[in-house]
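Asker: Everything below, folded, please.
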Amino acid sequence: KTKSSAILVKSAELLGDKSGIVVENPQLAMAKTLELFFPKNITKKTIHPSANISPNSRIGNGVSIGPSVFIMSNSVIKDGSYIGANSFIGENVVVGFDSVIHPNVSVYNGTFIGDNVIIHSGTVIGCDGFGYVIDKKSNYKIPQTGQVEIKNNVEIGSNCSIDRGTIGKTVIGEGSKLDNLIQIAHNVKIGKNCLIASQVGISGSTFIGDSCTFAGQVGVAGHLKIGSDSTFAAKSGVTKSHKGGKTYAGFPARKIREHNKSQAILNKIGKDYYKINK
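Answerer: The predicted structure follows:
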C-alpha cells in the first residue's frame, strides 16, 4: 500500500508491482543509502582563536577545535578529531583518531577515549563516582582516584554521566552504543557491541558481557555479573547476576517466559476477584 516509488525488500515476492532492490538486510541497506544522500558535514579543520589550549598538550593533524574550548595540560588530541564549542578536556586526557566530541561536553582528568568515538552534547565523562562511607551518621567521601576508558567505535548520547573508577577503571567496550540520559557508575565494565537505551542506570562494579541489550529505564544493582548476549526488557529491575543468551523482564528481572506466566496468573486472579465481587 506504500506510495513510495521504490522499496528495499528481503524477498522479491514482497515487491508486488513496485520497483525496488532485493537485499538480505533492508534496514542496513537503508542506513547505507541514507549515508549516500546525507553525507556527514565536512568540518573545516581549524582551531578557533578563542580556544584555550595548554602549550603542554599535543594536537594532531587535521584536528578541529571550536570556540571557547579548554584543553588542559598533557592531553593528546589525535589526528582528524573534532572538539565542539565550549567543551572541556581535562589534564592527561587522550582523544583518539577521528573522534567527535560535540559542543558542551566535559571530559575530566585522566580519561582515555579511543578512535572513531562520538560523544554528544551535555555528557560528562569521568566525574566522581557515588562513593561514601558512613562514619557516626556522617557521610565521608571516598576519593575517586580511577579513570574512564572508552574503547574504539563507541557512541554516547547526550546528557549521559559516566563516573570514573574509585580505584581502577570504568570501561565502555568497543562498538557499544549508549542512548541519551544514561548513568554508568564507578568501576562498571561494559563489553563489546552492547546497546543501552535511554534512562538506564548501572550501579557500581557491575560487569556486563558482550552484545547485551538494555531497553529503556532498566535499573541494574551493583557488583553483579551479566553474561554476554543478554537482553533486558524495558523497566526491568536487575537485582542479581544472570547468565547470558537469554531475555529477562520484570522486577525483579527473571526469564521473560517466567515473568509473562506470573503476569498472566495475576491477571486471572484479578478477573476472578471482580467476577466474585460484582
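
Asker: Hmm, residue 95 is touching residue 89, no?
Answerer: Yes. With contact defined as CB atoms under 8 Å, residue 95 counts as touching residue 89 (7.1 Å). C-beta coordinates here come from the backbone N, C-alpha and C atoms, glycine included.

Asker: what residues are shared contacts of those two?
Answerer: 75, 77, 83, 101, 107 (CB atoms under 8 Å, 6 or more residues apart in numbering).

Asker: Among these, list the two that are farthest apart in space.
Answerer: 75 and 101 (11.9 Å; CB to CB).

Asker: got JSON lines for the shared contacts of residue 95 and residue 89, with distance to residue 116 too?
Answerer: Listed next are the shared contacts of residue 95 and residue 89 as JSON lines, based on distance: CB to CB, whole Å:
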{"residue": "75", "distance to residue 116": "19"}
{"residue": "77", "distance to residue 116": "14"}
{"residue": "83", "distance to residue 116": "15"}
{"residue": "101", "distance to residue 116": "12"}
{"residue": "107", "distance to residue 116": "16"}
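
Asker: If we ignore the residues flanking it in sequence, what's nearest residue 174?
Answerer: Closest residue in space to residue 174, ignoring its immediate chain neighbours: residue 151 at 3.9 Å, by CB to CB, 6 or more residues apart in numbering.

Asker: got the contact list for the nearest residue to residue 237 once chain neighbours are set aside?
Answerer: Nearest non-adjacent residue to residue 237, counting by CB to CB, 6+ apart: residue 251, 3.4 Å away. Contact analysis of residue 251 by CB under 8 Å, 6+ apart lists 235, 236, 237, 239.

Asker: Convert the C-alpha atoms of stretch 20-39 to PDB, please.
Answerer: Extracted in PDB, the C-alpha atoms of stretch 20-39 (Å, rounded to 0.1, in the frame of the first residue of the first chain):
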ATOM      1  CA  GLY A  20      12.900  -1.900  -5.700                       C
ATOM      2  CA  ILE A  21      16.100  -3.700  -4.600                       C
ATOM      3  CA  VAL A  22      16.200  -7.200  -3.000                       C
ATOM      4  CA  VAL A  23      18.800  -7.300  -0.300                       C
ATOM      5  CA  GLU A  24      19.500  -9.600   2.700                       C
ATOM      6  CA  ASN A  25      19.200  -6.800   5.300                       C
ATOM      7  CA  PRO A  26      16.800  -4.000   4.200                       C
ATOM      8  CA  GLN A  27      17.400  -1.900   7.300                       C
ATOM      9  CA  LEU A  28      21.200  -2.000   6.900                       C
ATOM     10  CA  ALA A  29      20.700  -1.100   3.200                       C
ATOM     11  CA  MET A  30      18.500   1.800   4.200                       C
ATOM     12  CA  ALA A  31      21.200   3.100   6.600                       C
ATOM     13  CA  LYS A  32      23.900   2.900   3.900                       C
ATOM     14  CA  THR A  33      21.600   4.600   1.400                       C
ATOM     15  CA  LEU A  34      20.900   7.500   3.800                       C
ATOM     16  CA  GLU A  35      24.700   7.900   4.100                       C
ATOM     17  CA  LEU A  36      24.900   8.400   0.300                       C
ATOM     18  CA  PHE A  37      22.200  11.000   0.200                       C
ATOM     19  CA  PHE A  38      23.100  12.800   3.500                       C
ATOM     20  CA  PRO A  39      26.900  12.600   3.900                       C
END
